[in-house]
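Chemist: Here you go, sequence then predicted model.
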Amino acid sequence: MQAALDNPTLHNPEVTPAAVLCLRNIGKTYGPVQVLSQINVDVRPGEVLALLGENGAGKSTLSSIIAGLVQPEAGGSMSWLGEDYAPASPGAAPG
């Protein structure tokens, strides 16, 4: 991390690397409450992502979906390095 800060590179908007993490149409409801609706995010190499919002905005829910702790609603998709990404449930982890 420090090396990147010591040697910054210029961003060239004409050359956009592929996203390492891609979320498409991620949604989540808890009972009648829709917490997330059609969330789309691309995180590219070298980018830093911050989730900001008020209490109850869905920051923890989105983080939990990415980590595989919570299942998103049907219809959404995630990819990691261009491959479909569906993290295993924590209960399925060995050990």
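Modeler: On my side now, so go ahead.
Chemist: Which parts of this structure are helices?
Modeler: 2-6, 59-67 (DSSP state H).
Chemist: And those, which one averages the lowest pLDDT?
Modeler: Lowest mean pLDDT within the helices of the chain: helix 2-6, a mean of 60.
Chemist: ok, residue 71 touching residue 78?
Modeler: No - counting by Cβ atoms under 8 Å, residue 71 stays clear of residue 78, with 11.3 Å between them. No exception for glycine: its C-beta is placed from N, CA and C like everyone else's.
Chemist: Which neighbours do these two have in common?
Modeler: Both residue 71 and residue 78 are in contact with residue 65, where contact means Cβ atoms under 8 Å, 6 or more residues apart in numbering.
Chemist: Which one of those two is surrounded by more residues?
Modeler: residue 78 (19 against 13; other Cβ atoms under 10 Å).
Chemist: which residues does residue 42 bridge with?
Modeler: Bridge pairing for residue 42 (DSSP bridges) gives the partners residue 22.
Chemist: So the residue nearest to residue 39 when sequence neighbours are not counted versus residue 46, what's the distance?
Modeler: Of all residues not flanking residue 39 in the chain, residue 26 sits nearest, at 4.1 Å (Cβ to Cβ, 6 or more residues apart in numbering). From residue 26 across to residue 46, the span is 23 Å (Cβ to Cβ, to the nearest Å).
Chemist: and those two? which has more neighbours close in?
Modeler: Remark: of residue 26 and residue 46, residue 26 carries more neighbours, 22 against 10, as counted by other Cβ under 10 Å.
Chemist: show me the contacts for the more buried one.
Modeler: With Cβ under 8 Å, 6+ apart, residue 26 has these contacts: 36, 38, 39, 40, 41, 62, 65, 72, 73, 76, 78.
Chemist: Would you mind measuring from it to residue 54?
Modeler: Counting by Cβ to Cβ, the gap from residue 26 to residue 54 is 19 Å.
Chemist: what do you get for residue 73?
Modeler: From residue 73 to residue 54 the distance is 22 Å (Cβ to Cβ).
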